[in-house]
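In: Fold the following for me, if possible:
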Amino acid sequence: MPADAARAGSVEKAVRALGALLLVAYPACVYFALGRVSVRPLSVGLAVLVTMSLVLRIQGKKREHALVMARIPLSIGALLLVGAWCDDRRFVLALPVLTNIVLLAQFGSSLGSIPVAERFARAQEDDLSPAQIAYCRAVTIVWCAFFVLNGGVTAALALFAPVKVWAAYAGGLSYALVGLVAAVEYGTRTLRFGKSAAAVRARQMTRAFFTPQTSPDPKVRRFEPRPRDGTPGSFDVHVPANLAYFEGHFNGHAILPGVVQVEVLVARQIAITWPELGRIRRVTRLRFKRPIRPGDDLVLQITRPDRERVDFDVRCGTERCSSGTLHFEV
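Out: Prediction:
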């Protein structure tokens, strides 16, 4: 890994750790500081710290990504500066309330399309049953209610209770309640749905791949890209209808798993084309646009824009099936 990339990764991890530490320790810091420092310099100091953290995080990021990342920190900084201008400690105490408002907005707005809980679930399991989808919506609603109650209690304590009580709740009890709600949800989900269907399918695919085939129609265990004449980095790929990876994915509607596309179709061909590349560090800009089905004829295009990065594009006719970028150790 190049020194610049390693250094950038270390800085990003340090900034994330600092942000998490600031969020957790914020109530305690405010409690101890308010008795020793006036509101105005405390608010300005916290605003400067938030701004410095933001600047470090958005360095090297694309403009559109930086704007999204800057919304919450800029809101916090503005709130703290208003508190400094008004010399009112309530603005300093409002940060945990703002956190709950932001989370409520994110979870609540998702109910109009795909609930947040369902997005997390689909990251682990592609196909969800109607009961699981309904459960994910209910879980998202429960979290919305929690953010309303938690934010309301925190706001009431900031307005009417001693700072000691506010700090004890915002810096301790509220996090314990988050853990309790998460634990109850996990237990309920396990009792209702048992083991993940994704894990069951993974075991089925593993057995299908490694178990010797004795049926008259044995499963094909690999598919080979063929170079296209006169087009560097471009390959024709036929997907056999009896490919083993289709086993159990899904019954009655076979599609090629995304992990197979990346690891078997793309990564193996990259290793053959550029054997000097090391192991994959990460995958970015991964997109799955169209399912790959039995019998499809594909075109795989791989390009290497720099020494440690390879872009790929898989198409079926004019339709893009998948695309992304693989980052390698060199």
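In: Give me the residue ranges of the chain where confidence is low.
Out: Applying pLDDT under 70 to the chain flags the ranges 1-40, 42-43, 50, 52-73, 75-76, 79-80, 83-84, 86-92, 122-128, 194-222.
In: What ranges does it have for its helices?
Out: Secondary structure of the chain (DSSP state H): helices at 3-34, 39-58, 63-86, 89-92, 95-110, 116-124, 130-160, 163-168, 174-193, 197-210, 258-260, 268-273.
In: Would you mark the buried spots in the shortest one?
Out: Along helix 258-260, the positions that meet the burial threshold by neighbour count (16 or more other C-beta atoms under 10 Å) are Gly258, Val260. Bear in mind the C-beta positions are built from the backbone N, C-alpha and C, glycine included.
In: which residues touch that helix?
Out: Under the criterion C-beta atoms under 8 Å, 6 or more residues apart in numbering, residues Tyr245, Leu286, Phe288, Ser322 lie in contact with helix 258-260.
In: Quick check: the two most widely separated of these?
Out: Using C-beta to C-beta, the two most remote members of these are Tyr245 and Leu286, lying 18.0 Å apart.
In: Give me the more crowded residue out of these two.
Out: Per other C-beta atoms under 10 Å, whichever of Tyr245 and Leu286 has more neighbours is Tyr245, with 26 against 14.
In: What number of neighbouring residues does Leu157 come out with?
Out: As a measure of burial, Leu157 has 21 neighbours, counting by other C-beta under 10 Å.
In: so what's it up against?
Out: Here Leu157 is in contact with Val165, Trp166, Tyr169, Ala170 (C-beta under 8 Å, 6+ apart).
In: Output the contacts of helix 258-260 as TSV; include the columns distance to Asp306.
Out: Output for the contacts of helix 258-260, formatted as TSV (distance: C-beta to C-beta, whole Å):
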residue	distance to Asp306
Tyr245	31
Leu286	18
Phe288	24
Ser322	21
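In: between the residues you listed, which is closest to Phe147?
Out: The closest of these, once distances to Phe147 are taken by C-beta to C-beta, is Leu286, at 30.1 Å.
In: Many thanks, have a good one.
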